[in-house]
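Participant: build me a structure from this.
(chains A and B)
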Amino acid sequence: ILNVEQSPQSLHVQEGDSTNFTCSFPSSNFYALHWYRWETAKSPEALFVMTLNGDEKKKGRISATLNTKEGYSYLYIKGSQPEDSATYLCASFPYNQGGKLIFGQGTELSVKP
Amino acid sequence: DSGVTQTPKHLITATGQRVTLRCSPRSGDLSVYWYQQSLDQGLQFLIQYYNGEERAKGNILERFSAQQFPDLHSELNLSSLELGDSALYFCASSVAAGGVTEAFFGQGTRLTVV
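Facilitator: The predicted structure follows:
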């Protein structure tokens, strides 16, 4: 994997459903992985920064896991609410590319009441 | 409010012109990133500065340049503008240069080239 890839591109769920998204990144030069939440008409806001293989972080109903050896991270939302509707971005910070923070295209989540 | 200030919020200019976008990072943040978001595109990394020095360059056009000043604010200069340069330009700041701290984004400058 040369770039940061996210799947699915979009997701439509009902309120109360739990959901998860995937972020794939180059594992060979991994240094850090970021997750951001981007609401319409606002700017992206950080959720997590993860650096260690096997790391798991949690903020309320949102959690994330990291596998640096195989180059992927999962973001989970438990019991989705309409206010969770946003685009979720992940970004890779490779260790050998200066200061590049490279974003994926995002997963657009829509939660219907 | 992220603490990152971008000005102006909106800019409309003609092809061939030159514009300057300004970013004031959060107090204490030494690192500034610039991103471009065109229609249906994700956030494209342009350039990063840390404490006044350029640290990384992305797919930034030669017509574009940036700098970070001693007071840590940054400017992105776009010249010989083309219609395709119309986009939302974001600035983000973080404490460290090494990617282990979160980035805080400004509200963006929407550039429309007509």
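
Participant: who in chain B is up against chain A?
Facilitator: Of all the residues in chain B, those in contact range of chain A (Cβ under 8 Å from any Cβ of the partner chain) are B:2, B:31, B:33, B:35, B:42-43, B:45, B:48, B:50, B:55-58, B:90, B:92, B:97-108. C-beta coordinates here come from the backbone N, C-alpha and C atoms, glycine included.

Participant: identify the bridge partners of the nearest residue to residue A:25 once chain neighbours are set aside.
Facilitator: Leaving aside its sequence neighbours, residue A:25 sits nearest to residue A:92 (Cβ to Cβ, 6 or more residues apart in numbering or on different chains; 4.0 Å). Taking DSSP bridges as the rule, residue A:92 bridges to residue A:33, residue A:102.

Participant: what residues does the helix or strand harbouring residue A:66 touch?
Facilitator: Per DSSP states H and E, residue A:66 falls inside strand A:62-67. The contact list for strand A:62-67 (Cβ atoms under 8 Å, 6 or more residues apart in numbering or on different chains) reads A:33, A:35, A:47-48, A:50, A:52-58, A:73-78, A:84.

Participant: drop anything exposed from those.
Facilitator: When the contacts of strand A:62-67 are checked for burial by 16 or more other Cβ atoms under 10 Å in any protein chain shown, the buried set is A:33, A:35, A:47, A:48, A:50, A:55, A:73, A:75, A:77, A:84.

Participant: in strands only, show me those residues.
Facilitator: Of the buried ones among the contacts of strand A:62-67, the ones assigned to strands by DSSP state E are A:33, A:35, A:47, A:48, A:50, A:73, A:75, A:77.

Participant: all the strands of chain B, residue numbers only.
Facilitator: B:5-7, B:10-13, B:19-24, B:31-37, B:44-50, B:53-57, B:64-68, B:74-78, B:87-94, B:104-105, B:109-113.

Participant: now the first one: buried residues?
Facilitator: Neighbour counts over strand B:5-7 (16+ other Cβ under 10 Å) mark B:5, B:6 as buried.

Participant: remind me what that strand packs against, helices and strands.
Facilitator: strand B:19-24, strand B:87-94 (3 or more Cβ pairs under 8 Å, 6 or more residues apart in numbering or on different chains; DSSP states H and E).

Participant: how far does it sit from its chain's centre?
Facilitator: Its chain's average C-alpha position is 10 Å from that of strand B:5-7, according to Cα atoms, centre = their mean, to the nearest Å.

Participant: which residues does the closest residue to residue B:65 other than its chain neighbours contact?
Facilitator: Nearest residue to residue B:65, sequence neighbours excluded (Cβ to Cβ, 6+ apart): residue B:77, at 4.9 Å. Contact analysis of residue B:77 by Cβ under 8 Å, 6+ apart lists B:18, B:19, B:20, B:21, B:64, B:65, B:66.

Participant: swap the cut-off to 7 Å and go again
Facilitator: B:18, B:20, B:64, B:65, B:66 (Cβ atoms under 7 Å, 6 or more residues apart in numbering or on different chains).

Participant: repeat for residue A:92
Facilitator: Here residue A:92 is in contact with A:4, A:25, A:26, A:33, A:102 (Cβ under 7 Å, 6+ apart).
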